[in-house]
Structures are given as C-alpha cells and as structure tokens.
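Undergrad: Just the structure for this:
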Amino acid sequence: MGVKTQDSRLAGIVRPDTMVAAGIFASRLVGLVRVRLIAKYFGQVSESADAFNAAFRIPNLLQNLFGEGALSGSFIPVHAALRARGEHEGAAQTARTFFGLLSVTIAVLVLVGVTAAPTITALLVPGFTGAKRELTIRLVRILFPGAGLLVASAWCLGILNSHGKFLLSYSAPVAWNAAMIATLVFFHQGRDLDTLAIYLAWGSVAGSFFQLAVQWPFAWSLSHHSGGFAITESVRQIVRNFLPIMISRGAVQLTGYIDQYIASWLPPGSVTGLSNAQLLYTLPVSLFGVSISAAELPALSGEADQEGKEAFRARIDTGLRRLAFFIVPSAVAFAALGDIVAATVLQTGRFRVQDSLYVWGILGGASIGLPATTMARLYSVAHYALGDARRPLRFACVRLFVAGALGYVCAMMVPDWIGISRQWGAAGLTASAGVAGWVEFVLLRRSLNGRIGTTGLKASYVARLWTAGIAGAALAWGARLALPPLPPIVRGAIVLPVFGAAYLAVVAGMGIPIPGLRRR
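TA: As a prediction, this is how the structure comes out:
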C-alpha cells in the first residue's frame, strides 16, 4: 500500500500530531535500544565513551542549525501557503530550488568541518587532552558527512510534512538507529573501545544515508515540477527567514553544547552522564513537543492571514493543553523515578547502579524546565507561522546567555560551595538550562499574546495535572518498595506502568479528556 493511501486513511482517524508522535516513538524506541547497547559496551566512566559522545554532538551542530528546526520554520510556512493558494507548481519549484541552495551550502560546511576538526574540537571540548582529544578529532571527521546527509533528510521531512505525510518523515530515523545497532552487534567482539567507537561512527554515517534514502523518493516525487530552478520571491522569503530561525533554533541547541563545554572540565564520566540524561529527557520533548508543534505549523501557517485570530488562538490553547497533559507527568517521573528510568534503559554490562543514580540527579535538574521547554516550541512555531522570526531569535539569545552564565556558576562553583563532588555539577547544568527555558517561555508567550490576544493554560487545569502526576508517583513508589530485588529492566517494567496507569486513572477521575484519536 502506498504512503499516500496510508496517510490519507490515517488522517481521517488519527490526529496529525498523533501520527508525528507515533513516528517519533518508533524511532526513539529503537534509539533507546542503541543507547542501551552503547552503555553496555562502553559504560559511563570511560574516556572512549566521553570521546564518542562529544564527537557525536559536534557535527550534529550542523544538523541542528540547518536541519529540522530551522528548515521547517522557514520553509514550511512559505511552502504550505503556496499550496493553500493552489499554486502547486510554484510550491514544487520553490522546494527544489531551495534544496539546490541548501545542498551547496551544506557541502561547503561539511568540507570545512572535516578540515577544521581539530580546531572545532578544541573550542567545544577544551578539557579533552592527549589520546582522548585525538580520538575525538578522528570521530568528528568521520561523523561530519553523516550530519550533512541528515540535513538533506530534514528537507525531505519539510516536503512530506507540508503534504501531511507525517508518519514516514518522523519514523525514518529508525533506519539510522538500526544501522548503529547492527554495527555494535556485529563488531563489538574482539575490539578495544577506541576501535569500536570508530566503527560506530561509520555506522552512524551509513545510517544517515539510509534515513535519507527512505524519504527521498517520496519527497522528490511530491516536489516534481515542469520548470527549472528559479530564485523567486518565495525562495527569497525562505532564505530571509532561514537565517534568523537558524540562529534562534541554534541558540536553543547551543545550550546543550555549552553544557558539554563546561562538563568537559568536570570529572571523567560527566560528559557521558550528561549525554545519557539528555537522551532520556529529550524523549518527551521530541515525542510531544516536536510532534504537536510540527503538526500545527502547516495549519497555523494556513490560518495566519485570516481576519481575526480566534481560530489561531484556539489552536495554540488546544496544543498547550495536549502538551501539558503529557509533559507534566514526564517531569514528575524524571524527578521522582529518574533512577528507575535510567536503570531500565541503561543499566547493563559496564553501566552500574551508581551510574543510574548519577543520571537520576541530572534528570532531576532537567525536570525543572521540561514544561517550559516544550511549550516554548509551540510559541516559537506560532511566531514563524505569522512570519515573525526575529523575536524568537532575540528570546533564544536571552535563554542562551542565562543558561551559560548560570550553568557555569552551578556546575563549577556551587558543588565546592556546598561541599559535594564536582561530578554533580552536571545536574547544575540541566537545572540552569531549565531556568533559562522558563525565561524564554515567558518572553515568547508575552510577545504572542500582545499580537493575537490572550493564550495560555488555566491554572486549575495545570494544578490538576500536577496533582495527578504526584499521586501517580506516590503509588509507583509504593509498588517499588513492595517489590523484591529484581533485574532493573523487570523492575522498570512494573513500576513505570504503575505510574502511568495511576496518572491516567486520576486525570480520568477528574474529568480531564485524554488527547489522542479524533472524535467522529
């Protein structure tokens, strides 16, 4: 059955954001298998693990700057508006012309990244020295071309999303994760950790190609047109919006790189612990924040020119309610049950009990800003739909400054002030990023409300969600204490579903509807 038929049939039953979430869930589920295998074979307090995790993030800066966030925010509103006006030929020509410009730019940046890998590594992880630094440089050089392929994949995602093909675009990373899993399974035996890290980097590049290949035929077909490339006003508009959105989304992403920069000065294992925690706490951000924002962007773009903003405001408020419904319990789970979450996913092989407790501390810091970070994405998308890319840029820069300054103090100074190990500075980094996320959220909401009228969640709704989350955590703790000693994955398979079921039962008892399928 073709993708078009599947998506059209699903669209009548399942919400677009649910299809996005399903694709992200599939890719993240396979991604968690990848993370578990990396933890098994590398452990956490390992210089090879630190080198790989640092190198893995460095070329991803290219993907994050030019990829899904910047590309979707600049491309989809223009492309969707052309299609809404019936200008399908112009939309297709715009898509292919922009892809040509993007390809040239990315090719140049990949070449620069490979050539300048030593300098980039010294700038982003200055605490790495000796063999650890040399391994990181080698891994960066291998990984940069894969990041370029992932940017091209993000263009495919923009095309598919504009045509309502959400499931394929967001499940495509399954191929990337599967390639890395296969690399670990087939090549882990008989090799030292440095060599395995190099093999894994090549597996990531192969996976990047597979992720692009899965989407390419459909995206290229949907952007077919009879004319050639042309720099039209629509292309110019995308390019004008691209730079401020790229910097805006890049400022948000740079928070993670600042954290890594600071963590490189902390004791061994801090970079890996931070990376492991980020993989866990970004799961709900991707699953719910990205899914809802990505699904709403084309619809908001189509409504942006309408007189009055009632429908626009209604979409924002509905999206916020759906976000809060899932993000509030996620924050509670990370704060109250973070060791269970970490142990369930990561605790195997070289990854030990104390490593799970360490990741829990970092997750606890991240839970502070989780609701703000996810809701800020929707407010940013609303600005992009209205053609405003500059205010989100200013607010993202404020967030970057707050996260960097506060993160340095909390990571490098606070542990010494209160007499704890410096490794816990990693938890200070995520807590600081959470505070900065709230600052950005408040600025974005105030800006949008001043433009279209009041939006936001009722305090009573939020209070009921937090009450349900805390009640669920209390019941989960009761189940945890009642259980005999069990393997981590078995214990997690019992305790975490108890938390989820209890939360859903309490919200249902309060009369709060559960987001999901469309009502017929």
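Undergrad: Report the contact partners of A55.
TA: A55 is in contact with T121, L135, T136, I137, L139, V140, L143, A201, counting by C-beta atoms under 8 Å, 6 or more residues apart in numbering. Just so you know, the C-beta spots here come from the backbone N, C-alpha and C atoms, and that holds for glycine as well.
Undergrad: most neighbours, which of those?
TA: When the contacts of A55 are compared by neighbour count (other C-beta atoms under 10 Å), T136 ends up highest, at 30 neighbours.
Undergrad: Just give the closest residue to that one, not the sequence neighbours.
TA: Nearest residue to T136 in three dimensions, chain neighbours excluded: A51, at 4.4 Å (C-beta to C-beta, 6 or more residues apart in numbering).
Undergrad: The one you found - how many residues pack around it?
TA: Neighbours of A51 (other C-beta under 10 Å): 29.
Undergrad: show me what contacts it?
TA: Neighbours of A51 in contact, by C-beta under 8 Å, 6+ apart: F128, K132, L135, T136, L139, D194, A197.
Undergrad: Next one: it, what pLDDT does it get?
TA: If you check A51, the pLDDT there is 86.
Undergrad: let's have the chain start at 613 instead
TA: Sounds good: first residue 613 from here, last item A663.
Undergrad: that older thread, secondary structure and distance to R964 for the contacts of A667 - can I get that in CSV?
TA: Shown next, in CSV, are these (DSSP: H, G, I helix; E, B strand; the rest coil; distance: C-beta to C-beta, whole Å):
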residue, secondary structure, distance to R964
T733, helix, 29
L747, helix, 23
T748, helix, 24
I749, helix, 29
L751, helix, 25
V752, helix, 29
L755, helix, 28
A813, helix, 25
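Undergrad: Tabulate the residues you listed (a markdown table), appending distance to I1082 and pLDDT.
TA: Shown next, in a markdown table, are the contacts of A667 (distance: C-beta to C-beta, whole Å; pLDDT from 0 to 100):
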| residue | distance to I1082 | pLDDT |
| --- | --- | --- |
| T733 | 44 | 87 |
| L747 | 44 | 92 |
| T748 | 42 | 91 |
| I749 | 47 | 92 |
| L751 | 42 | 93 |
| V752 | 43 | 91 |
| L755 | 41 | 91 |
| A813 | 42 | 93 |
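Undergrad: Assign the residue nearest to T748 to helix, strand or coil.
TA: When classified by DSSP: H, G, I helix; E, B strand; the rest coil, A663 comes out as helix.
Undergrad: and A1001, what does it touch?
TA: By C-beta under 8 Å, 6+ apart, the contact list for A1001 reads G685, S686, N853, P856, I857, S860, H995.
Undergrad: which SS class is the third one?
TA: Per three-state DSSP, the secondary structure class of N853 is helix.
Undergrad: if I read this right, it contacts Y996, doesn't it?
TA: Yes: in this structure N853 lies within contact range of Y996 using C-beta atoms under 8 Å: 7.4 Å.
Undergrad: intersection of neighbour lists for those two?
TA: In contact with both N853 and Y996: G685, S686, P689, using C-beta under 8 Å, 6+ apart.
Undergrad: Sort out for me which of those are in helices.
TA: G685, S686, P689 (DSSP state H).
Undergrad: Mind putting those residues into a markdown table with distance to L1095?
TA: Shown next, in a markdown table, are those (distance: C-beta to C-beta, whole Å):
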| residue | distance to L1095 |
| --- | --- |
| G685 | 46 |
| S686 | 50 |
| P689 | 50 |
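Undergrad: what would the residues you listed look like in a markdown table with pLDDT, distance to F778 and neighbour count?
TA: Below are those laid out as a markdown table (pLDDT from 0 to 100; distance: C-beta to C-beta, whole Å; neighbours: other C-beta atoms under 10 Å):
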| residue | pLDDT | distance to F778 | neighbour count |
| --- | --- | --- | --- |
| G685 | 70 | 16 | 26 |
| S686 | 77 | 19 | 25 |
| P689 | 76 | 17 | 27 |
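Undergrad: downstream neighbour of the lowest-mean-pLDDT helix or strand in the chain in the secondary structure list?
TA: Lowest by mean pLDDT, DSSP states H and E among the helices and strands of the chain is helix 615-623, with a mean of 46. Under the assignment DSSP states H and E, the closest C-terminal helix or strand after helix 615-623 is helix 628-654.
Undergrad: which helices and strands does that following helix pack with?
TA: helix 615-623, helix 659-678, helix 778-783, helix 785-799, helix 805-834, helix 882-896, helix 903-915, helix 922-958 (3 or more C-beta pairs under 8 Å, 6 or more residues apart in numbering; DSSP states H and E).
Undergrad: looking at the ones you listed, which is closest to A1117?
TA: helix 922-958 (12.1 Å; C-beta to C-beta).
Undergrad: Many thanks, I have nothing further to ask.
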